[in-house]
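A predicted structure for the sequence below; I have some questions about it.
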Amino acid sequence: MDETNWVEEIDDEQSLPILNNRQIFTDLSDREIKSLKDKKDKGRLLLQPEFQRYYVWDAKQASKLIESALLDVPLPVIYLSEDKDGKECVIDGQQRLTSFFSFISGSFPNGNEFTLKGLNVLTELNGKTFADLSEEQQDKVESYSIRVIKFKKESDENLKFEIFERLNTGSVQLNDQELRNCIYRGKFNQALKEMADYPDFRDITGFKQPHNRMADIELVLRFCAFYKQTYLKYTPSMKNFLNLTARNNTHLVDEEIQELKDKFKQACSLSKSVFSDKAFKRFTGGISTEKYSGDWDSQALNRSLYDIVMWVFADLDKNKVMRHSDEIREALIDLMASDREFIESITISTSSKKAIRRRFKVWHDTVSKIVESDSQEKEPRCFSLALKEEMMEKDPTCNICNNRIHHIDDAAIDHIQQYWQGGRTIPENARLTHRYCNNARMRKE
C-alpha cells in the first residue's frame, strides 16, 4: 500500500481560546531570491528540516513561478518564523522558495533536472535550464524581490501557531503537523522522525516511505502524547493536545527520548506480531439474522484503534502478550463486532473526551484481564487461532445458522458444553459459528 488512507477524524470540540496578553512581534522586509538562497546555503534559512521529502509541486507549477519572476509579476508574501538562535524557518512559501532555489541550482530536490516546461507567455524558454538563460535573465531571477514577514523570536509560540494557520492559504497549505515541524523544533521533533523510520512502524501503518505531508510523524506524536500524558489528562481538541505535547517536550534529555523510543519500538513490534496486516483496521460484524456475515471494512487504518493498541502494548510484558496473542486479537475483533459503545467510540466524535476515555478504558481492562490470567490455574476460555484455521479448512459451515462462513475473522469457536458449566477449551468441545450467530445465541441465553 503506497499511500495509507486514514479514517477521517473530526474535532467536535472548539480550540482553546487565545489569551489576550500574548503578543506577536513582526519584521517586514523585501528580499532578493539570491540573498535568501545564500542564507539557506549557510544553514540560516530552513525551508523545512529535511524538506526534500515534502516538496510537492510539479515541474509545470515551478516553471510558471519562474516565468512570473521573469515577467515581474508580484508574488504572495513569504512568512518566516525566527528561532531562539536567530535562524529563520519558512512557514508559508516553502514551495515557491524551493522552486526558485532548485531552478538556480539546476535540479529538483529529488535530483531530476529542472528544465522549464508549460510556459504560456515566454514559450521560447520551454526546455531550458537556468544555465541556458542569458545573463540578463539569470540576473532577473536571482534579483527578483519578494515581500517577507518574519515573526520574531520574542513572539508567543502558541499564538504563532494560531496565526500561521490563518495565514496558511498557499496552493499547498501546511497541515497541523507541518506547522509543528516548523515551530517546535528540537531533539524531540527529530526523534519523532527517527521513530517514524522504524521498519515495524512502516509495516503496520503502510507507510513504505516518509509521507510527503508528515502523516506518519503525526502518528508517532500521537503515541508520545498519550504515553506521556495518558488519556486521563486529555483535553479537547486533539490539535491542542498534540501541540501541547510538541511544545512541552521540545528539549527532552537523551534518557527520556530513549525511553520513548524503546516503548514505541515495543508497541510497534507487538502490534505487528499480534495483528499482522490487520493492525489498526476496523472489523464490522454481522447485524441481523439476514446480514450475519462480517468482514474487515477496507484497507483504511483507524487512528482511534492505533492510539489504544499502541498505548496498551507499550508497557506490557512481551512474553505475556505473546502467550495470549490469539486471545488479545480475538478480543479486539469481538469488541469491534459487538460492543456498541466501543464501536461508537472509534467511529463517532472520536476526539471527544467521552469517546477517548471509553475506548482506552475498555481496551486496557480487556487486555489486562487476559494477561493477568497467567496467575490463575483455570483453563483458558479462548480457543487458539490455529484450531480455528483448522476447522475452517475442514468445514466452514456455521453450526448455528448452517450457512457458509466466508472469512476466518468472522468465525467464532463456541464451547459445545458451555465454559461456565465446566466445558473445557479443547478441540472435542469446539464448534465453528459465525461471530454474529454466536453473540446472538449468548444474548438469548
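Yep, that arrived.

Name the next helix or strand downstream of the strand or helix carrying residue 89, please.
Assigned by DSSP states H and E, residue 89 belongs to strand 88-92. Sequence order places helix 94-105 as the next helix or strand after strand 88-92, per DSSP H and E.

just to revisit the earlier point, what's next to the strand holding residue 89, contact-wise?
With contact meaning C-beta atoms under 8 Å, 6 or more residues apart in numbering, strand 88-92 is reached by 39, 44-48, 77-83, 97, 150-151, 164, 167-170, 174, 179, 182-183, 185. C-beta coordinates here come from the backbone N, C-alpha and C atoms, glycine included.

In helices, which of those fall?
Among those, DSSP state H puts 39, 97, 164, 167, 179, 182, 183 in helices.

Contacts only, for residue 406.
293, 295, 396.

quick one: which of those is most hemmed in?
Neighbours here mean other C-beta atoms under 10 Å. Within the contacts of residue 406, the largest count is held by residue 293, at 18 neighbours.

on that earlier part again, from the contacts of residue 406, which land in strands?
In this view, the contacts of residue 406 that belong to strands under DSSP state E are residue 295.

Check pLDDT for the contacts of residue 406 and point me to the minimum.
Model confidence across these bottoms out at residue 293, which has 78.

my guess is that one contacts residue 286, does it?
Yes - contact criterion C-beta atoms under 8 Å: residue 293 and residue 286 qualify, at 5.5 Å.

Which residues are in contact with each of these two?
Taking C-beta under 8 Å, 6+ apart as the contact rule, residue 293 and residue 286 both touch 410, 434, 436.

Could you single out the nearest of those residues to residue 257?
Closest approach to residue 257 among the shared contacts of residue 293 and residue 286 (C-beta to C-beta): residue 410, at 42.4 Å.

check contacts around that closest one.
By C-beta under 8 Å, 6+ apart, residue 410 lies in contact with 285, 286, 293, 294, 295, 434, 435, 436.

Now residue 342: which helix or strand?
According to DSSP H and E, residue 342 maps onto helix 340-345.

For that helix, which outside residues touch it?
Outside helix 340-345, the residues within contact range by C-beta under 8 Å, 6+ apart are 304, 335, 336, 354, 355, 356, 358, 359, 362.

any idea how far that helix is from the chain center?
Chain-centre distance of helix 340-345: 22 Å, with C-alpha atoms, centre = their mean, to the nearest Å.

Mind checking the pLDDT average for it?
Mean pLDDT, computed over helix 340-345, is 97.

Can you list the buried residues in it?
Neighbour-count burial for helix 340-345, counted by 16 or more other C-beta atoms under 10 Å, picks out 342, 343, 345.

Confirm for me that residue 29 is in contact with residue 145.
No - Residue 29 lies out of contact with residue 145 (C-beta under 8 Å); the separation is 9.7 Å.

Just checking: what are the partner strands of the strand holding residue 89?
Partners of strand 88-92 in the sheet, by DSSP bridges, are strand 45-46 (parallel), strand 78-82 (antiparallel).

now the angle from the longest one to helix 94-105?
When you say that, I think you mean strand 78-82. 100 degrees (axes from the mean of the first three to the mean of the last three C-alpha atoms, to 10 degrees).

And the contacts of residue 406, which is closest to residue 272?
Nearest to residue 272 among those, with distances taken as C-beta to C-beta, is residue 295, at 21.7 Å.

Now for that closest one: which residues touch it?
Contacts for residue 295 (C-beta under 8 Å, 6+ apart) come out as 283, 284, 406, 407, 409, 410.

Report the separation between the fourth one and residue 346.
Pointing back at residue 407 there. Separation of residue 407 from residue 346 (C-beta to C-beta, to the nearest Å) stands at 20 Å.

ditto for the third one
When distance is defined by C-beta to C-beta, residue 406 is 24 Å away from residue 346.

ok, back up a step: just the buried residues out of the contacts of strand 88-92, in PyMOL syntax.
Only the buried entries of the contacts of strand 88-92 go into this PyMOL selection, using 16+ other C-beta under 10 Å:
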select buried, resi 45+46+47+48+78+79+80+81+82+83+97+150+151+164+167+168+174+179+182+183+185
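
for the longest helix that the chain contains, which positions count as buried?
Assignment by DSSP H gives helix 254-275 as the longest helix of the chain. For helix 254-275, a neighbour-count test (16+ other C-beta under 10 Å) marks 257, 260-261, 263-275 as buried.

next one: stretch 355-369
Applying a neighbour-count criterion of 16+ other C-beta under 10 Å, one finds 355, 356, 358, 359, 360, 362, 363, 366, 367 buried in stretch 355-369.

re earlier: any chance of a markdown table for the contacts of residue 406, columns distance to residue 242?
As requested, these are arranged in a markdown table below (distance: C-beta to C-beta, whole Å):
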| residue | distance to residue 242 |
| --- | --- |
| 293 | 38 |
| 295 | 32 |
| 396 | 44 |
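
ok, the contacts of residue 406 vs residue 135, which is closest?
Nearest to residue 135 out of these is residue 295 (C-beta to C-beta; 65.7 Å).

just to revisit the earlier point, sort out which of the contacts of residue 410 are buried, if you could.
The neighbour-count test (16+ other C-beta under 10 Å) applied to the contacts of residue 410 identifies 285, 286, 293, 294, 434, 435, 436 as buried.
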